[in-house]
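[1] Pasted the sequence and its predicted model underneath.
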Amino acid sequence: MTNAAVTTRTAYVNARLLDPATGLDAPGALLVEGTRIADLGPGLFQGAVPEGVAVVDCDGACLGPGLVDLRARTGEPGFEHDETLLTASQSAAAGGITAFAALPNTDPVIDDVAGLEFIARRAREVKLVKIFALGALTKETAGKELTEMGLLAEAGAVGFTDGISPVADPLIMRRALSYGSVWGKVIMQRPEEPRLAGGAMNAGEIATRLGLPSIPRMAEIIMLERDLRLVEMTGGRYHAANISTAESVEVVRRAKAKGLDVTCDTAPPYFALTEVDVGDYRTFFKLSPPLRDEMDRRAIVAGLADGTIDAVTSDHQPHDQDSKRVPFNQAAFGAVGFETLLPLVLELAHKGAMPILKALAAVTATPARILGLPLGRLAKGQAADFVLFDPDRPWKVEADRLLSKSKNSCFDKRPVQGMVLRTVVDGRTVFQRPD
């Protein structure tokens, strides 16, 4: 690949243009002027590139919209030993992610305007990928009192959630759904009934054999059913995060058939792994929700294929070694996911579960739409946020080589296909893989 200096006008030629929003899949070129896409298409630069325009020869690689990640834990402020906004941005850029929404589960919690302003200021200082903030739904994410949602919305919150802390009180959730509609923001919930979720892995034969306390599927399904009844009552806009069971897919499918304003996502572990991968107490596979069984995994793939599941998120949850290299019961839940998101989504296309454009839509145009962001597509006048990648290039995930500050990947040593070659944000190359 030709390396080009940054100029005000750059032509990316000899690319396979992929834009899920318009169905574009064709060889062509793209022109960047400043921070915007000036032009693109199969017929662009069929002759010589105009003088004064820098040229990047893509050598036939795919050029698609930058990935938009619905939900990620950043660590900063308060948990900088796990991750900082700088290391999170570096890891995201290496994964082809040009924008992500940060969860409010920090210390202090992002439950006021000052917290949002901190994230915005640090994102400007880091100046790599675009970082948006999800405001806390309740104060201190304690589930007892709603935040000042109006003030947070005006200050730039792209949605509201208590993140890794489900809202158990139905009255609080009912009010949140009502108020969220006023401000045009999505209410995002990780559905899991806390009183049923005190275990360490999925309830079943493997948990019994390992002697581990378990988390039943019903912990997810019961809260999802409850929340969707509240959506029906309020007419609110609701997003279910990280669904992991076959019945959850059916519940969402029925809700959509009723015309409810409902979307949902899952993460790669739930279509690429199962509870069997926990093996002999492997703590990097301790996730929340827990890895389920093979029938659940297949249902998640089917839900993605038929559009019941709208998006795929990294669910990036960095934890340092002290949090993971302990007995399984004591280990923290979660895994890093920025740098493995694209190849694992492409795995769905490689295995024939869905076409490549549909797979890419789940990590570009659709999450951007859910968050109300003008991102995730290739179009004239749009921000020049895109990723250049080789969809077929094989590599093996090596956790120690990931750019995240924490290395707790549940895909360590997994062979994958699909390598990010270059990530561009507002016309600036923020990541380029060495040749």
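    It's in.
[2] Start and end of stretch 364-384, how far apart?
    Taking CA to CA, to the nearest Å, the first and last residues of stretch 364-384 lie 14 Å apart.
[3] And it, how far out from the chain middle?
    In terms of CA atoms, centre = their mean, to the nearest Å, the centre of stretch 364-384 is set 14 Å apart from its chain centre.
[4] Buried ones in that stretch, by neighbour count?
    Buried residues in stretch 364-384, defined by neighbour count with 16 or more other CB atoms under 10 Å: 364-371, 373, 375-378, 382-384. Glycine gets a C-beta too; all of them are placed from N, C-alpha and C.
[5] do the same with stretch 395-403
    397, 399, 402, 403.
[6] For residue 330, state which of those is nearest.
    The closest of those to residue 330 turns out to be residue 399 (CB to CB; 20.4 Å).
[7] Restricting to C-alpha, output the longest helix that the chain contains in CSV.
    Scanning the chain for the helix with the most residues, using DSSP state H, yields helix 218-234. The C-alpha coordinates for helix 218-234 follow below in CSV (Å, rounded to 0.1, in the frame of the first residue of the first chain):
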residue,chain,number,x,y,z
MET,A,218,-34.6,-16.3,32.8
ALA,A,219,-32.6,-13.5,34.5
GLU,A,220,-32.3,-11.9,31.0
ILE,A,221,-35.7,-12.9,29.6
ILE,A,222,-37.8,-11.8,32.6
MET,A,223,-36.4,-8.3,32.6
LEU,A,224,-36.6,-8.0,28.8
GLU,A,225,-40.2,-9.0,28.9
ARG,A,226,-40.9,-6.5,31.7
ASP,A,227,-39.2,-3.7,29.9
LEU,A,228,-41.0,-4.3,26.7
ARG,A,229,-44.3,-4.2,28.5
LEU,A,230,-43.3,-0.8,29.8
VAL,A,231,-42.4,0.3,26.3
GLU,A,232,-45.9,-0.7,25.2
MET,A,233,-47.3,1.3,28.1
THR,A,234,-45.3,4.5,27.5
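[8] From residue 78, how far off is the residue lying closest to residue 412 once chain neighbours are set aside?
    Among residues not flanking residue 412 along the chain, residue 399 sits closest, at 4.0 Å (CB to CB, 6 or more residues apart in numbering). The gap separating residue 399 from residue 78 is 24 Å, by CB to CB, to the nearest Å.
[9] What ranges does the stretch 151-300 of the chain have for its helices?
    Under the criterion DSSP state H, counting those that start in this stretch, the stretch 151-300 of the chain contains helices at 170-183, 205-210, 218-234, 246-257, 269-272, 294-305.
[10] Export those helices as a markdown table, with columns for distance to residue 85.
    Formatted as a markdown table, those follow (distance: least, CB to CB, whole Å):
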| stretch | distance to residue 85 |
| --- | --- |
| helix 170-183 | 25 |
| helix 205-210 | 36 |
| helix 218-234 | 30 |
| helix 246-257 | 32 |
| helix 269-272 | 24 |
| helix 294-305 | 30 |
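[11] out of the ones you listed, deepest packed?
    Each of those was scored by mean neighbour count; the highest is helix 269-272, a mean of 25, by mean count of other CB atoms under 10 Å.
[12] Can you name the residues that contact the most centrally placed residue in the chain?
    Centroid-nearest residue in the chain: residue 313, 2.6 Å away (criterion: CA atoms, centre = their mean). Neighbour list for residue 313: 69, 70, 71, 72, 241, 242, 265, 266, 267, 337, 341, 367 [criterion: CB atoms under 8 Å, 6 or more residues apart in numbering].
[13] go with 7 Å
    69, 70, 71, 265, 267 (CB atoms under 7 Å, 6 or more residues apart in numbering).
[14] Tell me the spacing between it and residue 107.
    Shown here: residue 313 relative to residue 107, a distance of 22 Å by CB to CB.
[15] do the same with residue 357
    Distance of residue 357 to residue 107, computed by CB to CB: 40 Å.
[16] Of these two, give the one with the bigger neighbour count.
    Set residue 357 next to residue 107 and count neighbours by other CB atoms under 10 Å: residue 357 wins out with 19 against 10.
[17] residues contacting the more buried one?
    18, 20, 23, 25.
[18] Out of these, list just those in strands.
    18, 25 (DSSP state E).
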